[in-house]
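Peer 1: Based on what follows, work out the 3D shape:
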Amino acid sequence: MPPNLILYAVPFFVISVLIEGYFLYREQRDRIELKDSFTSIALGFGNLASGLLTKTISAGIFWYLYDNFHIFTLDGSAWWMWVLAFFADDLSYYWFHREAHLIRYFWASHKVHHSSEKYNLASALRQTWTGNITFSYVFHLWMPIVGFHPVVIIVMQQISLLYQYWIHTETIGKMWRPFEYIFNTPSHHRVHHGSDVEYLDCNYAGILIIWDRMFGTFVEETHRPKYGLVENVNTSNPVKIAFGEWIAIGKDVLANPKYALGYIFGRPGWSHDGSRKTATEMKKEI
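Peer 2: All right, here's what the predicted structure looks like:
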């Protein structure tokens, strides 16, 4: 197994959260809340703990596919293989992230990350406990079949997650224009975390924002977003946040078994009677 880069980065996460928290509390108190930060940190540690098991399962599946079905043998010592792996992983992440906002089954896990009404480095740690066990890695399964070694895939996934940590901040405004055009930045990702209707379902990038520009999902930051969800969870209990949407899906299915597939795999906000609204429907109204 490759080294767990996320685990090694934990001291840096803690120190940077404390430093940013100190300056935000001193100068912009409305942008940080102690209870909210503790909830995010608790969900982050829960993600690390659950990942010890669930990521082992996903890694095992990568290995099985690579050992039995890989088409090419890509040389891990070649620089070009790592470049290809970077683009392959980042594109896979884009499609995973996009579908995590458009399919309720995947949204049930990803919703956790969007549940904070604050936007700071602590909120970056607010991660799912159920993502891997509910097959979020399905969007990467093509990579071992093509010939990327599982170690390469796992390393690239960790690099992507590490990159995305620093963009969860309001302390950095717009950056150098060429950088903003190519890479995901705090400005682009603030839009992604906005609950404003015009900011919903966009900017799915991991590292490269070029995917959003190519596939028509890019939205420029024009004003400070309102963070959180369209309907916020209104709790600081990490267990309720981690499993809340799964429980909501279960209730919808039990109450409307005829429409079970729609409530599980339809868009977040979908309802058989139109009593709720999806992001697309809300956008059409404006």
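Peer 1: Torsion angles phi and psi at Tyr227?
Peer 2: phi -90, psi 160 (degrees, to the nearest 10).
Peer 1: do the same with Gly194
Peer 2: Dihedral angles for Gly194 - degrees, to the nearest 10 - are phi -80, psi 140.
Peer 1: mind checking how far the closest residue in space to it that isn't next to it in sequence is from Asp196?
Peer 2: Spatial nearest neighbour of Gly194, excluding adjacent residues (C-beta to C-beta, 6 or more residues apart in numbering): Pro225 at 2.8 Å. Where C-beta positions appear, they are placed from N, C-alpha and C, glycine not excepted. As defined by C-beta to C-beta, to the nearest Å, Pro225 lies at a distance of 6 Å from Asp196.
Peer 1: Looking at the two, which is more packed in?
Peer 2: The residue with more neighbours, out of Pro225 and Asp196, is Pro225; 18 against 14, by other C-beta atoms under 10 Å.
Peer 1: From Arg190, how far off is that one?
Peer 2: Taking C-beta to C-beta, one finds Pro225 at 6 Å from Arg190.
Peer 1: Helix, strand or coil: sort out Gly60 for me.
Peer 2: With DSSP: H, G, I helix; E, B strand; the rest coil as the basis, Gly60 sits in helix.
Peer 1: and Leu84, what does it touch?
Peer 2: Leu74, Phe148 (C-beta atoms under 8 Å, 6 or more residues apart in numbering).
Peer 1: re earlier: list the residues that contact both of Pro225 and Arg190?
Peer 2: Joint contacts of Pro225 and Arg190 (C-beta under 8 Å, 6+ apart) are Tyr119.
Peer 1: ok so, going back, correct me, but the residue nearest to Gly194 touches Tyr199?
Peer 2: Yes: the pair Pro225 / Tyr199 is scored as a contact, 5.5 Å apart, by C-beta atoms under 8 Å.
Peer 1: Spit out the residues that contact the two alike.
Peer 2: Val191.
Peer 1: What segments of the stretch 51-200 of the chain are strands?
Peer 2: Assigned by DSSP state E, counting those that start in this stretch, the strands in the stretch 51-200 of the chain number zero.
Peer 1: all helices for it, in order.
Peer 2: 79-102, 104-110, 121-124, 142-146, 150-165, 177-182, 186-192 (DSSP state H, counting those that start in this stretch).
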